[in-house]
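Colleague: Any chance you could fold what I've pasted below:
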Amino acid sequence: LCSLRSPSKTRTLLRMGGNDNVDILEKFDEYEVDSSDEEDIANTIGNVPLEWYRDFDHLGYDLDGKQILKPADFDSSKIDNFLASVDDPDHWRTVTDPRSGRKHVLTSDELELIESIFNRRTPKGSGEIPPLKLLPDKPMKKSSFDELPKFYDIWANNPDGNQHKGLPAPKEQLPGHSESYHPPPEYIPDEDETKEYNESKDEKRASAFLPTNYDTLRHVPAYSNAIRERFERCLDLYLCPRRLKMKIRATLDDVLPKRLPKPEDLRPFPHLPCYQFTNHTDVITSLSCTEQFLLSSSKDGLICLWEIQSSRCLFSRNFESPVECAAFCPDSSLIAVCTLKRLHLLTVPFANEKFLSKGKETLTKISNAIQSENSVLDWNCDSDEEIVIEHPHKIASVSWHNKGDYLASVCEDGGAKQSVYFHRLSNKVTQLPFSKLAGTVVQVIFHPSKAHLFVATLKTVKVYDLTKQTLIKRFAEGSRSITSMAVHPSGDHVVVTGRDDKVAWFDFDLSSKPYKMMRHHSKIVNAVDVHRRLPLFATASDDSTVVVSHCKVTDDLSENALIVPLKQLKVSSPTTSVCFHTKLPWLFAGTANGKIQLFTH
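Modeller: Alright, predicted model coming up:
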């Protein structure tokens with residue numbers, strides 16, 4: 001029987017003889033063999049820094065609690081070490097244990113082992129030290145390690161550093177009182193609730209079962225949805241996202257521009273309520289303005305022509321049906337009025353002589369001209385003062401071309417082919433520009449200087465080239481439903497409003513997505529208008545407010561548009577339409593109670 005407690009401790013060899021006599025064959029001193037086992041550590045101070053014992057005469061304590069004194073040459077200087085290296089031939093192979101102060105002279109085998117380790121060769125030693133294969137026989141190049149594919153466990157708890165931080169699997173909801181086999185009486189449904197539960201669909205039910213009362217637990221039957229719920233739980237574990245999305249915690253200082261100009265530096269802009277135009281009794285549907293006059297239409301079937309300076313009603317006409325839209329012609333005294341399925345063209349009696357004569361001359365030419373065979377609609381010219389164009393569907397809005405010869409009308413119920421109509425006054429013809437148009441058209445606007453047409457549907461804004469008859473741009477507004485649209489006088493920017501209180505600014509040269517989304521209102525945004533000369537635009541909402549904003553647009557492509565909200569104007573009731581003066585920084589806001597408020601600078 002051989003008992004070896006440690007290679008460095010006392011080793012005793014016992015041999016059991018035939019007469020059961022035990023002889024002690026040999027005994028070794030425990031300090032004859034040096035070892036690095038924990039039991040051989042003479043200093044018991046642990047991992048305490050030795051600097052703490054720098055000013056003491058001892059290095060620590062042994063197993064018996066006695067001090068381990070420092071050797072005489074422990075704190076020798078560099079000069080003493082140099083003299084010792086001259087006198088002692090084995091000084092270069094002598095090492096000192098910093099914890100015990102003992103010196104050890106390395107043997108030839110130990111030096112050979114150390115040299116092999118430093119040279120990254122296979123060490124060779126005696127039988128007590130087995131040979132180790134530290135490196136492969138043929139060293140591999142460094143580039144070969146980089147070319148090897150890297151595999152990692154995507155479901156591991158501690159993934160590789162290049163992995164995205166995973167999300168924990170969703171936890172199951174803890175059972176409540178309704179899932180008990182003996183629930184409280186208030187959780188048990190009555191006959192009406194049970195009938196309603198059985199007749200409803202699965203996705204509309206609050207829970208997958210009805211609470212049932214049992215006297216004892218052994219009366220509870222097997223759960224019918226057990227397999228289905230286990231399957232859905234497996235889907236939750238299998239399809240749960242393994243990538244953690246980092247949320248951006250931004251403050252107002254981070255979002256807003258650091259050098260945002262003050263509203264006082266951006267004057268003039270309308271902010272003072274001046275006076276009201278009161279003649280309508282129902283909702284104001286549209287506003288159109290010139291330098292001298294204001295044209296308004298209402299659901300009460302009345303259109304009014306106002307003098308802006310005096311707020312006096314100069315002309316009014318009552319139609320048999322509600323008026324959806326009314327607009328001035330840009331270069332004459334003509335106005336277009338929409339009533340249900342009819343489009344009326346008539347002149348304004350109080351215009352100046354130049355515009356009045358041009359408008360009457362245009363109506364006279366249309367009345368005397370012969371209608372083109374290519375016209376899809378009939379032009380009724382019963383008198384020289386008014387022309388009526390019958391439409392098959394209800395007209396929602398109209399838009400004039402800048403030259404005044406073309407007029408576009410929109411029918412929301414016209415479908416894919418009969419939503420947009422083009423009317424040319426000089427040829428007395430009506431055309432359908434689109435053979436098939438996807439979506440419900442809300443509004444169309446001609447480009448201020450090019451042969452382009454902006455078409456706003458409920459979800460998108462499309463730009464068509466009328467010359468090439470192609471689609472050149474599509475803007476995705478991203479709101480629930482578009483309500484109105486306005487084009488900047490440069491033609492490179494579009495402002496769109498929606499039913500989800502959003503206002504989107506699109507840049508024609510940047511992207512199809514909004515350049516800036518604004519939430520200045522708390523309810524549906526009904527109308528928007530851009531000033532023709534000043535860098536201003538305004539939005540009107542059902543929250544009885546009108547927000548005036550500054551919009552600086554430059555010809556430099558490297559500089560984006562600067563949009564700054566200036567003033568929130570409050571009115572008496574929900575605002576349905578808004579219109580700027582053609583030259584002055586004045587704003588007209590039409591409300592749901594039939595009043596028109598003027599704001600000046």
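
Colleague: For residue 445, pull up the helix or strand it's in.
Modeller: strand 441-446 (DSSP states H and E).

Colleague: and that strand, how far from the chain's centre?
Modeller: Taking the mean of its C-alpha atoms, strand 441-446 sits 29 Å from the chain's own mean (CA atoms, centre = their mean, to the nearest Å).

Colleague: Then stretch 63-81?
Modeller: Per CA atoms, centre = their mean, the displacement of stretch 63-81 from the mean C-alpha position of its chain is 70 Å.

Colleague: measure that stretch end to end?
Modeller: Separation of the first and last residues of stretch 63-81 by CA to CA, to the nearest Å is 31 Å.

Colleague: before we move on, the earlier item: what's downstream of the strand holding residue 445, the next helix or strand?
Modeller: Elements were assigned by DSSP H and E; along the chain past strand 441-446, the next helix or strand is strand 452-457.

Colleague: Alpha carbons only: can I get that following strand in PDB?
Modeller: Output of strand 452-457 as PDB, limited to C-alpha atoms (Å, rounded to 0.1, in the frame of the first residue of the first chain):
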ATOM      1  CA  HIS A 452     -47.000  69.400 -64.200                       C
ATOM      2  CA  LEU A 453     -50.100  68.400 -62.200                       C
ATOM      3  CA  PHE A 454     -50.100  67.500 -58.500                       C
ATOM      4  CA  VAL A 455     -52.800  64.900 -57.700                       C
ATOM      5  CA  ALA A 456     -53.600  64.300 -54.000                       C
ATOM      6  CA  THR A 457     -55.300  61.000 -53.100                       C
END
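
Colleague: Run through who's touching it.
Modeller: Contacting residues not belonging to strand 452-457 are listed as 408, 420, 433, 437-447, 461-466, 472, 482, 484-485, 487, 491, 494, 496 [CB atoms under 8 Å, 6 or more residues apart in numbering]. Heads up, the C-betas are built off the backbone N, CA and C, glycines and all.

Colleague: same deal with stretch 484-499?
Modeller: When contacts are defined by CB under 8 Å, 6+ apart, stretch 484-499 is touched by residues 442-443, 445, 447-450, 452, 454, 456, 461, 475, 477, 479-483, 503-509, 524-530, 532-533, 537, 539, 551, 553, 561.

Colleague: ok, back up a step: show me which of the contacts of strand 452-457 are buried.
Modeller: If you count burial by 16 or more other CB atoms under 10 Å, the buried members of the contacts of strand 452-457 come out as 408, 420, 433, 437, 440-447, 461-464, 482, 484-485, 487, 491, 494, 496.

Colleague: so where does residue 210 fall, helix or strand?
Modeller: Using DSSP H and E, no helix or strand contains residue 210.

Colleague: hang on, it packs against residue 189?
Modeller: Yes. At 5.8 Å, residue 210 counts as touching residue 189 under the criterion of CB atoms under 8 Å.

Colleague: and for these two, which residues touch both?
Modeller: Taking CB under 8 Å, 6+ apart as the contact rule, residue 210 and residue 189 both touch residue 197.

Colleague: list the buried ones in stretch 93-113?
Modeller: The neighbour-count check on stretch 93-113 (16+ other CB under 10 Å) flags 99, 100, 101, 113 as buried.

Colleague: so where's this protein uncertain?
Modeller: Scanning the chain for pLDDT under 70 picks out 1-41, 75, 120-167, 241-245, 255-258, 350-355, 384, 478.

Colleague: how much does the strand holding residue 445 deviate in direction from strand 452-457?
Modeller: Angle between the axes of strand 441-446 and strand 452-457 is 170 degrees (criterion: axes from the mean of the first three to the mean of the last three CA atoms, to 10 degrees).

Colleague: Pairing partners for strand 441-446, with directions?
Modeller: Using DSSP bridges, the strands paired with strand 441-446 are strand 452-457 (antiparallel).

Colleague: List the strands paired with the next helix-or-strand element following the strand it pairs with, with their directions.
Modeller: Sequence-wise, the next helix or strand downstream of strand 452-457 (DSSP H and E) is strand 460-465. Counting by DSSP bridges, the strands paired with strand 460-465 are strand 452-457 (antiparallel), strand 470-476 (antiparallel).

Colleague: tell me the SS of the nearest residue to residue 383 once chain neighbours are set aside?
Modeller: Nearest-residue entry for residue 383: residue 367, 7.6 Å, with adjacent residues in sequence omitted and distances by CB to CB, 6 or more residues apart in numbering. Recorded secondary structure, residue 367: helix (DSSP: H, G, I helix; E, B strand; the rest coil).

Colleague: How many residues are close by residue 367?
Modeller: Using other CB atoms under 10 Å, residue 367 has 16 neighbouring residues.

Colleague: and if you look at the one 4 residues further on?
Modeller: Using other CB under 10 Å as the criterion, residue 371 is surrounded by 15 other residues.

Colleague: Now residue 196: which helix or strand?
Modeller: For residue 196, the host element (DSSP H and E) is helix 191-199.
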